[in-house]
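>>> Got a sequence here, can you build the structure:
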Amino acid sequence: MKYWQKISLYLSLPEMRLFWYFLPFVLFIAVIDILYLPAVWTFISIGLLLVLGLFIFINNLRLARSNLQIKIEHSELKSVISNLKDGVVAYSPDFKILIFNQAAEQIFNIGAESVVGQIISPERAKERQFELLTRIIFPSLAATVIRRSEAGVYPQIVEMSFDEPRLSLRVITDRIIDSHGRLLGFIKLIRDRTREVELLRSKNEFITVAAHQLRTPLAGIHWAFESLRKEPLSESLKEIVENGFRATSEVLRNVNDLLDASKIEEGKFGYNFENIDIVSFIEETLANVKDLARQAGVKVYFQKPAEESIMLSVDVQKLGMAISNLLDNAIKYNVQNGEVVVGLERLKDKPFLQISVKDTGLGMLPQDVEKLFTKFFRAENAVKSAPGGIGLGLYIIRNIIRRHGGDIRAESEINRGTTFYFTLPTDPKLIPAKEIVYGEE
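So this is what the prediction gives:
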């Protein structure tokens, strides 16, 4: 029954018109042949017409079926695009708007009927109605643009901010390409992050104020314990003072991490780049952790490159913080008589150095490695080993490394240790021109 319903549906479609127009013609010719032609020629003529009619019927039926499927898929796609919460704008290579969904109408405050079919050129930024849309299509016209992807690599991801109207948008741009690789146009997925950014800003303001309020009295208490450590005290009091000193040191570290993370997310961490010898810099940083390593029973080695000196442009204070934190973690989460090996090498055919910090410690599960650079995350075995800490160190480190134009990753095996690899560009042109907020995307 369903089969005949489908056939009936196909027969009623516009693609079958040629067959229905041809059918009366066949009947007319058949009548003429029967009246005026010998029986043999009548049979041959009608046979040829029937074969031709069957050929037309089969081809029109296939066309009707495939076109119906395309129409259904197009309708479904149109429904999906229309109901997406993110704005969707598609346009041809000559910037003629082809698709403009409901979410885009709300973001740009323009009806689709006023946009679809319009060609958007940079000059249209002067028209109030099309100003915002033009700046989205041509990001170079926007005042604040933060790139989240490499130039020339699709999809392109950028963060765009506007003061009037007050908007924070994430725009993902990709190409529309046919099966032969020909460019048909572009599509932009536009996510309105205004509320999200405002909530983040409010949260950061609260954390900053709270951390500042906590740091002042904590610093006073810490200073008091530090002063008492120098005084002649009984063994019981010495233990109490030492515990208080360690506790306030840990809490102050956590408060400072909160303040640093807030500054990073506001784009106000502050960087001052200068040229240094990275080999000597790492040697000095390693010298500063020797006492900590000795107390933990861990040996620290530096695998120096063949080059005695390699000059890089870095922020000494911030990069020193990042490397010191990696070394502290490698020592803290190591085993007795364990090792930490720091390596430095140039990447072949790339304008980057790679620095590695390898330990023989606890290691991590694969699912923990994936979350390692997110805020407030700590692996379960790390929490058991060292309960202190709030899981912001690696988030801060990643932002520091990315601000230098590099990237960081980790490899780990449970109970076998962890290796962190991060890159730094040897070409200063690869360092971002201004401070960028690197979230958890």
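>>> CA only for contacts and neighbour counts going forward, please
OK.
>>> residue ranges for the strands of the stretch 51-200 of the chain, please.
87-91, 97-100, 144-147, 156-162, 167-177, 183-192 (DSSP state E, counting those that start in this stretch).
>>> In TSV: these, plus mean pLDDT, mean neighbour count and distance to residue 29.
Output for the strands of the stretch 51-200 of the chain, formatted as TSV (pLDDT from 0 to 100; neighbours: other Cα atoms under 10 Å; distance: least, Cα to Cα, whole Å):
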stretch	mean pLDDT	mean neighbour count	distance to residue 29
strand 87-91	92	23	51
strand 97-100	92	20	47
strand 144-147	78	16	70
strand 156-162	86	19	63
strand 167-177	90	19	48
strand 183-192	92	19	47
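>>> got CSV for these, with distance to residue 295 too?
Putting the strands of the stretch 51-200 of the chain into CSV (distance: least, Cα to Cα, whole Å) gives the following:
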stretch, distance to residue 295
strand 87-91, 57
strand 97-100, 64
strand 144-147, 44
strand 156-162, 46
strand 167-177, 48
strand 183-192, 51
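>>> Specify the residue ranges that define each domain of the chain.
Structural domains annotated on the chain: 2-82, 84-192, 203-265, 274-430, as defined by automatic domain parsing.
>>> how many other residues sit next to residue 8?
Neighbour count of residue 8, defined by other Cα atoms under 10 Å: 11.
>>> can you tell me the helix or strand for it?
helix 2-11 (DSSP states H and E).
>>> What angle do helix 2-11 and the helix or strand following that helix make with each other?
Downstream of helix 2-11, the first helix or strand assigned by DSSP H and E is helix 17-36. Here helix 17-36 runs at an angle of 90 degrees relative to helix 2-11 (axes from the mean of the first three to the mean of the last three Cα atoms, to 10 degrees).
>>> ok so, going back, minimum distance to residue 304: which of the strands of the stretch 51-200 of the chain has it?
Closest approach to residue 304 among these is made by strand 144-147 (34.6 Å; Cα to Cα).
>>> so where's the protein shaky on pLDDT?
The chain contains residues with pLDDT under 70 at 1-3, 77, 436-441.
>>> the longest helix in it is where?
Determined from DSSP state H, the single longest helix within the chain is helix 39-83.
>>> What is it packed up against?
The contact analysis (3 or more Cα pairs under 8 Å, 6 or more residues apart in numbering; DSSP states H and E) places helix 39-83 against helix 2-11, helix 17-36, helix 102-108.
>>> now the angle from that helix to strand 87-91?
130 degrees.
>>> Of the helices and strands packed on helix 39-83, which stretch is the most buried?
helix 102-108 (a mean of 18; mean count of other Cα atoms under 10 Å).
>>> and that helix, what does it pack onto?
Applying 3+ Cα pairs under 8 Å, 6+ apart, we find helix 102-108 packed against helix 39-83, strand 87-91.
>>> Of all the ones you listed, which one is nearest residue 7?
Residue 7 lies closest to helix 39-83 among these, at 8.6 Å (Cα to Cα).
>>> ok, residues contacting the helix holding residue 8?
Helix 2-11 is contacted from outside by 16, 61, 64-65, using Cα atoms under 8 Å, 6 or more residues apart in numbering.
>>> Are any of those buried, and if so which?
Neighbour counting with 16 or more other Cα atoms under 10 Å marks 16, 61, 64-65 as buried within those.
>>> need the residues you listed in JSON lines with distance to residue 31, can you?
Formatted as JSON lines, those follow (distance: Cα to Cα, whole Å):
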{"residue": "16", "distance to residue 31": "24"}
{"residue": "61", "distance to residue 31": "26"}
{"residue": "64", "distance to residue 31": "30"}
{"residue": "65", "distance to residue 31": "32"}
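>>> hang on, the earlier thing: kindly reformat the helices and strands packed on helix 39-83 as TSV containing distance to residue 210.
TSV is the format used below for the helices and strands packed on helix 39-83 (distance: least, Cα to Cα, whole Å):
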stretch	distance to residue 210
helix 2-11	68
helix 17-36	75
helix 102-108	35
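>>> sec struct for residue 345, please.
Under the three-state scheme (DSSP: H, G, I helix; E, B strand; the rest coil), residue 345 adopts strand.
>>> actually residue 372, not the one I wrote
Per three-state DSSP, residue 372 ends up coil.
>>> can you pull out the strands in the stretch 301-441 of the chain?
Counting by DSSP E, counting those that start in this stretch, the segments of the stretch 301-441 of the chain that form strands are 311-314, 339-346, 352-359, 408-413, 417-425.
>>> In CSV: these, plus mean neighbour count and distance to residue 73.
Converted to CSV, the strands of the stretch 301-441 of the chain look like this (neighbours: other Cα atoms under 10 Å; distance: least, Cα to Cα, whole Å):
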stretch, mean neighbour count, distance to residue 73
strand 311-314, 19, 53
strand 339-346, 20, 51
strand 352-359, 21, 47
strand 408-413, 18, 41
strand 417-425, 22, 46
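>>> With distance to residue 216 as new columns, can the ones you listed be given to me in a markdown table?
Below are those laid out as a markdown table (distance: least, Cα to Cα, whole Å):
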| stretch | distance to residue 216 |
| --- | --- |
| strand 311-314 | 31 |
| strand 339-346 | 35 |
| strand 352-359 | 34 |
| strand 408-413 | 34 |
| strand 417-425 | 34 |
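>>> Residue 197: which of the ones you listed is closest?
Proximity to residue 197 (Cα to Cα) singles out strand 408-413 among these, at 25.3 Å.
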